[in-house]
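Asks: what follows is a predicted protein model with its sequence.
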Amino acid sequence: MRVAPILMFGAMALLALPYLFFATVSDVKIVDDEGTLMIAFREIMEGHILYRDIFALYGPFYYFSIAPIFSFFQVPLSHDAVRLISAGFWFCSAVTFATIAWRLTGSAIAGAFSLLTALFLLKLFVNSPLHPQELGFLLIGILLHLLIGIERAPKPFAFLLLGGIVGGLLLIKVNLAAFVILPLMLAALRTAGDHWRVAHGILMALAILMPVVLMGPLLHFEWVIRYVVFASATIFAALVVWSSLVLPKVLSVKHLAFVVAGFATVVLTTLGATISRGTTAFDIFRAIVLQNLNLVQNWHLEVSISSGALAVAAISAGYALYYVHARTDALKRQAAAVRVTRLKAGLGLLGALAIGIAAIFDTSWETVPSLMFQFLVPFAWLLTIPHENTEQPHRLTRGIMGLMAACLALYAFPVHGTQTALASLVPTIMLPVLLNDAARDVGMRQLWRGYLPAILRTSPWPRARLSLIAYPFMLMMLGSQIVAEYRRYSSLEPINLPGASLIRSDSYTIQLYHWATHEFKKCRAFYMVPSLPSFYFWAGQRTPTPIMSNNTLGLLSFDQQRRAITELEQNSQLCILIIPALLRYFDRGHLVARPPLLQYVEENFVEAGSNGPFRLLRRKAAD
């Protein structure tokens, strides 16, 4: 690999660091995912038992991967440190996915554009710093790199590591793991021999049914039905094209044995470490499986699927069927290939321009993922079709990546937001790959003819003339985003709370948080409904019970709420902070059901003060 492209890519990555910093330390979300995760790590380090004493939504591999950062490396468990660690995951994930695009195309320009795209999309990580999806998507990026290496030279260590990553994903977020494991299992069955054809067909049928099964509990909502249709069409299109691919037989029983060994090692080691600290196997199963079965009904945010998106998904499925059918006819095969090349070029160019224009003109990065999700993700199957003009088209890697991108269309369910950006991450970052495919299939000169100024078209160095356009354009994108984030950061004020010296927010939020922190310091103990666990760090107090969540009534079962009440009763001078507006935001029928914790608060506490949306309650005086 030449030195100059590496230097250019590295320079682009270094120039992005100010953007990451300003975005990372700007704003504090009242939906306190950050504090909720931090309090879980503090309880773990203080010896409380995960899943038994501590309410936790995620798998043990996440907690035992992150906790050593604070315990073994002595990093302070503070908001500043958590934000910087999250920024590290953000940066590493972006670089990992960008270098996949580089390896698939051989182009540093493609890698650099993918880097910026990943950085901009993953900005939504800052809404929930240290969330397990940061670790999860970094592992997915590493897994895709392993697949490229395996396709070139299948080595035992790579298979061991692949199995370990799959095991880790399973013990981080079950739904994320499912969207990765399914494509890998399909690939294993396809490349292991024709005698697995029936099993492969059954698994494909299960994949098509996955949206209905996953969203079944909420099918009485219209938006869920639309989402089912959208996701089913997306997955169907990818499976149709996948089934027509000619894949290399690179896997053997020995290779699969290494994958199983890596998977078993990570899973058994993680479960063993968790159980050795007092958690039972049933506690783990209940927390990461049974508990999440109720999550869909208790906490969901509507994913808006427009009629245009449904039409695009239907067109994509029809186009995929046409392409596969045409490949069986020698007379139609060439025409189908040309149409797919044009489709790749069109989507790649439009998508890249949309990303570039949004960055330069500072369009909201909550809008861009939604557009990509609805109008690009249905064409995830294009990633499964490599260009033909090369000896190593990465057929297996591309096939798995396309299936994975299609399955991840489900990731925005049941709660959209950051999940929407992540659901569209793979096909959006791989836009340069689609453009590269088109350029290789029809030739660079033909692709760019008519789009470049004459002086550039006549340049003797095709890559050089492309660089003359691409790098200045990307510097404009990055520069605009750095300026926008710096202006936003400068318009905010330091929150000046313990452990959060770097973080800024608006003056109203800061005033609210300082008022609440001051009031909490007057209390022997305090609890919040819904919970904002960050206050335990800012007020310098311990939690009266580790049974808490930022969506207190929605995610804590009635039994967990009763356990929390028993522990709260031990504090005679307990204060309660209640936030009615946030309760209504989280409410999915819980308030009408009169949960135990809400009854306990209403029957035993009276208002002692208020500020904006915050109401501070103290115990009623004894009769």
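Replies: Looks like it came in fine. Numbering: from 1, shown residues only.
Asks: rest of the way, CA atoms for contacts and neighbours
Replies: Will do.
Asks: lowest mean pLDDT among the helices and strands of the protein, which one is it?
Replies: helix 454-457 (a mean of 41; mean pLDDT, DSSP states H and E).
Asks: quick check: which ranges of this structure have low pLDDT?
Replies: Under the criterion pLDDT under 70, the flagged ranges of the chain are 1, 365-366, 389-392, 442-465, 622-623.
Asks: quick one: Leu139 and Ile100, what's the gap?
Replies: Applying CA to CA, to the nearest Å, the value for Leu139 to Ile100 is 13 Å.
Asks: more neighbours: which of those two?
Replies: Remark: of Leu139 and Ile100, Ile100 carries more neighbours, 23 against 19, as counted by other CA atoms under 10 Å.
Asks: and whichever strand or helix holds Phe120, which residues are buried?
Replies: In the assignment (DSSP states H and E), Phe120 maps to helix 108-121. Buried residues in helix 108-121, counting neighbours by 16 or more other CA atoms under 10 Å, are found at 108-121.
Asks: what do you get for stretch 262-275?
Replies: Of the residues in stretch 262-275, Gly262, Phe263, Ala264, Thr265, Val266, Val267, Thr270, Leu271, Thr274, Ile275 count as buried by neighbour count, 16+ other CA under 10 Å.
Asks: so can I have a markdown table of the buried residues of helix 108-121 showing distance to Ser370?
Replies: Output for the buried residues of helix 108-121, formatted as a markdown table (distance: CA to CA, whole Å):
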| residue | distance to Ser370 |
| --- | --- |
| Ala108 | 27 |
| Ile109 | 25 |
| Ala110 | 23 |
| Gly111 | 23 |
| Ala112 | 23 |
| Phe113 | 20 |
| Ser114 | 18 |
| Leu115 | 19 |
| Leu116 | 18 |
| Thr117 | 14 |
| Ala118 | 15 |
| Leu119 | 16 |
| Phe120 | 13 |
| Leu121 | 11 |
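Asks: and the helices in the stretch 301-450 of the chain?
Replies: 307-327, 330-360, 367-375, 395-407, 418-423, 425-429, 431-442, 444-448 (DSSP state H, counting those that start in this stretch).
Asks: can you map out the strands along the protein?
Replies: Secondary structure of the chain by DSSP state E: the strands cover 493-494, 504-505, 525-529, 574-578, 605-611, 614-619.
Asks: just send those strands back as JSON lines, with distance to Thr36 and mean neighbour count too.
Replies: Converted to JSON lines, the strands of the chain look like this (distance: least, CA to CA, whole Å; neighbours: other CA atoms under 10 Å):
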{"stretch": "strand 493-494", "distance to Thr36": "22", "mean neighbour count": "18"}
{"stretch": "strand 504-505", "distance to Thr36": "19", "mean neighbour count": "22"}
{"stretch": "strand 525-529", "distance to Thr36": "12", "mean neighbour count": "22"}
{"stretch": "strand 574-578", "distance to Thr36": "16", "mean neighbour count": "23"}
{"stretch": "strand 605-611", "distance to Thr36": "23", "mean neighbour count": "15"}
{"stretch": "strand 614-619", "distance to Thr36": "18", "mean neighbour count": "20"}
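Asks: what about these, which gets the closest to Arg398?
Replies: strand 504-505 (42.0 Å; CA to CA).
Asks: got a list of what the residue nearest to Ser93 when sequence neighbours are not counted touches?
Replies: Once flanking residues are discounted, Ser93 sits nearest to Leu138: 4.8 Å by CA to CA, 6 or more residues apart in numbering. Leu138 makes contact with Phe89, Cys92, Ser93, Thr96 under the criterion CA atoms under 8 Å, 6 or more residues apart in numbering.
Asks: ok, back up a step: including distance to His514, could the buried residues of stretch 262-275 go into CSV?
Replies: Formatted as CSV, the buried residues of stretch 262-275 follow (distance: CA to CA, whole Å):
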residue, distance to His514
Gly262, 49
Phe263, 47
Ala264, 48
Thr265, 47
Val266, 44
Val267, 43
Thr270, 40
Leu271, 41
Thr274, 37
Ile275, 40
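Asks: tell me the buried residues in stretch 286-294?
Replies: Ala287, Ile288, Val289, Gln291, Asn292.
Asks: kindly indicate which of those residues lies nearest Phe61.
Replies: Ile288 (11.3 Å).
Asks: surely that closest one meets Tyr58?
Replies: Yes: using CA atoms under 8 Å, Ile288 is in contact with Tyr58, at 6.1 Å.
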